[in-house]
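Colleague: A predicted structure for the sequence below; I have some questions about it.
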Amino acid sequence: MTDAMTHEDERPMRPALMHGLRCRCPKCGDGQLFTSYLKVTDNCPNCGEALHHHRADDGPAYLTILIVAHIIGFAIHIMWVVWRPEPWVMATVLSVGAVALSLALLPRLKGMIVGIQWARRMHGFGHAA
């Protein structure tokens, strides 16, 4: 931070990150972050914060794959060692689990990345409106 920044200009990382994980506006924590499954709203409906200039890109997908692959990898090992199910049963159960977990994590991780960008004033979030 520079000397020119005042105390009220600070944006705490943890609340912004937690608001993003809840798919809420990183500034106020009340407004919806998404207008649809992964479409970030242009402005927060509650506080009016501009959110259109976020740049989440491939970060949420990468993090989702990383987390889901580790969970499914451990599940494969545990299922095989403990129960020894038929391969088709194991493939079906783990495929459905991987898809469900991916669909649940993707918007939350995208919200988290938008929250981090807002808190760190990245990609246009630092400019005064």
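Modeller: Cool, got the structure.

Colleague: nearest spatial neighbour of the most centrally placed residue in the chain, chain-adjacent residues omitted?
Modeller: What sits nearest the mean C-alpha location of the chain, by C-alpha atoms, centre = their mean, is Leu109, with 1.5 Å. Leaving out its chain neighbours, the residue that sits closest to Leu109 by C-beta to C-beta, 6 or more residues apart in numbering is Pro60, at 4.3 Å. C-beta coordinates here come from the backbone N, C-alpha and C atoms, glycine included.

Colleague: settle this for me: the one you found is touching Ile116, isn't it.
Modeller: No. Judged on C-beta atoms under 8 Å, Pro60 makes no contact with Ile116 at a distance of 11.2 Å.

Colleague: and stretch 55-72, how far out from the chain's middle?
Modeller: Between the mean C-alpha location of stretch 55-72 and the chain-wide mean there is a distance of 9 Å, by C-alpha atoms, centre = their mean, to the nearest Å.

Colleague: for the helix of greatest length in the chain, packing partners?
Modeller: In the chain, with assignment by DSSP state H, the single longest helix is helix 87-119. The contact analysis (3 or more C-beta pairs under 8 Å, 6 or more residues apart in numbering; DSSP states H and E) places helix 87-119 against helix 13-21, helix 59-82.

Colleague: those helices: which one's closest to Ser102?
Modeller: Closest approach to Ser102 among the helices and strands packed on helix 87-119 (C-beta to C-beta): helix 59-82, 5.3 Å.

Colleague: now Glu49: how far from Cys23?
Modeller: 15 Å (C-beta to C-beta, to the nearest Å).
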